[in-house]
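Undergrad: only the shape, not the letters, is given here:
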């Protein structure tokens, strides 16, 4: 992993193998809860922490209306999650908003002619120790988050990890592309690779996102979604001011200081969604999952 190009070649070889029938990631197995979790569920978190002081929730669900008898409205197929946003896994809220089509500083659509996606975020607001607000993805039982995922054929859940938890050399700027949704996972890996990002060819069980109970995999079609785990170094590189000490808890600095690499990451994810959505809409039905060639 010390050579990004080698890592990208490794994952692309893996994608070819997956297309031939070999698994890209480990088979679906239930993963244990995050060892450091203080709360066993979001319900427990909400009962013991103060919303607006310790944490906040932001989400957007777009209206879908079709009152015409002669036309059929395009369905909304995708949503974006940052279940450990704010100061829990810094930079993930801003990425969630960008991938959903909104500027993280203003919440205005980046391009009014481009697709906008539903999103949901839980954000840590504490001055320190935001990690205690972490609820592992399999235990996220927030009713709005669950309903958004369940209404979506595709879910991208944005997370942050350390190089240690990803079993990567210190300083590595990389993303682990996980999740149970093979089509979305592979499209993301290819698009992010083309944009010049290092795709880590490691998949520790605790962060590869392939458990069926992971909220990103609780999708409308049961095909599963994708989980992106970005190392701290990669997340920091996407902002000209990441809000480091003494302003470590200033999301304003991050949202107002996105750089060209941030937008390259966002646009690669959006291109992957567009590719998968086109295949779903062009196929027999969104429930049809083609068998790998």
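TA: Nice, thanks for sending it over. Because the structure is predicted, anything quoted here is derived from the model rather than measured.
Undergrad: phi, psi of the residue nearest to residue 53 when sequence neighbours are not counted?
TA: Once flanking residues are discounted, residue 53 sits nearest to residue 125: 6.6 Å by Cβ to Cβ, 6 or more residues apart in numbering. All C-beta atoms are positioned from the backbone trio N, CA, C, and that covers glycine. Dihedral angles of residue 125 (phi, psi; degrees, to the nearest 10) stand at phi -120, psi 0.
Undergrad: repeat for residue 44
TA: phi -70, psi -40.
Undergrad: OK, contacts around the closest residue to it other than its chain neighbours?
TA: Nearest non-adjacent residue to residue 44, counting by Cβ to Cβ, 6+ apart: residue 135, 7.9 Å away. For residue 135, the contacting residues are 34, 37, 39, 40, 41, 42, 44, 45, 83, 122, by Cβ atoms under 8 Å, 6 or more residues apart in numbering.
Undergrad: residue 272 reaches residue 184, doesn't it?
TA: Yes: using Cβ atoms under 8 Å, residue 272 is in contact with residue 184, at 6.7 Å.
Undergrad: what pLDDT does the residue nearest to residue 44 get?
TA: We note a pLDDT of 98 for residue 135 in this prediction.
Undergrad: list the beta-bridge partners for residue 160.
TA: Beta-bridge pairing of residue 160 under DSSP bridges involves residue 230.
Undergrad: my guess is it contacts residue 232, does it?
TA: Yes: between residue 160 and residue 232 there is a contact under Cβ under 8 Å: 6.5 Å.
Undergrad: residue 78 versus the residue nearest to residue 53, what's the distance?
TA: 27 Å (Cβ to Cβ, to the nearest Å).
Undergrad: so these two - more neighbours on which side?
TA: Neighbour count, other Cβ atoms under 10 Å: between residue 125 and residue 78, residue 78 has more, with 26 against 19.
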